[in-house]
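**Student:** Quick one: sequence and predicted model below, then my questions.
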Amino acid sequence: MITKAAAADGLSKQDLKYRALIDDCLRELKEIQKEMRRGQAKIERLRASSQRNLTDTWQVLRSVEATL
């Protein structure tokens, strides 16, 4: 008796189709997570830059106020 490859490992064609879809979704989720991490890193860099600019601005304002 000849068995199909899908049946030999206990999976039907529909099972294999679902497995492939799940694998595709998992790959897509990993890519989305990478994009989110890159976005979060960019946000953190911008936050640090904004904080430095704010500190510098306050320093300038204090020095201007001291001369008034």
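**Tutor:** On my side now, so go ahead. Residues are numbered from 1 along each chain as shown.
**Student:** chain center to the host helix or strand of residue 57: distance?
**Tutor:** Assessed by DSSP states H and E, residue 57 sits inside helix 13-67. Counting by CA atoms, centre = their mean, to the nearest Å, helix 13-67 is centred 8 Å from the centre of its parent chain.
**Student:** Mind giving me the packing neighbours of it?
**Tutor:** Here helix 13-67 touches helix 5-8, going by 3 or more CB pairs under 8 Å, 6 or more residues apart in numbering; DSSP states H and E. From N, CA and C alone the C-beta is placed, and that goes for glycine too.
**Student:** quick check: mean pLDDT across the helix it packs on?
**Tutor:** In this model, helix 5-8 has an average pLDDT of 54.
**Student:** cool, stretch 45-65 as well?
**Tutor:** On average, stretch 45-65 scores 97.
**Student:** in it, what's buried?
**Tutor:** The neighbour-count check on stretch 45-65 (16 or more other CB atoms under 10 Å) flags nothing as buried.
**Student:** contacting residues around that stretch?
**Tutor:** Stretch 45-65 is contacted by no other residue when judged by CB atoms under 8 Å, 6 or more residues apart in numbering.
**Student:** in the protein, which residue is closest to the centre?
**Tutor:** residue 36 (2.1 Å; CA atoms, centre = their mean).
**Student:** tell me the contacts of it?
**Tutor:** Here residue 36 is in contact with no residue (CB under 8 Å, 6+ apart).
**Student:** Quick check: the gap between residue 68 and residue 45.
**Tutor:** Residue 68 sits 35 Å away from residue 45, going by CB to CB, to the nearest Å.
**Student:** and if you look at residue 39?
**Tutor:** 11 Å.
**Student:** Compute the distance between residue 38 and residue 32, please.
**Tutor:** Residue 38 is 11 Å from residue 32, by CB to CB.
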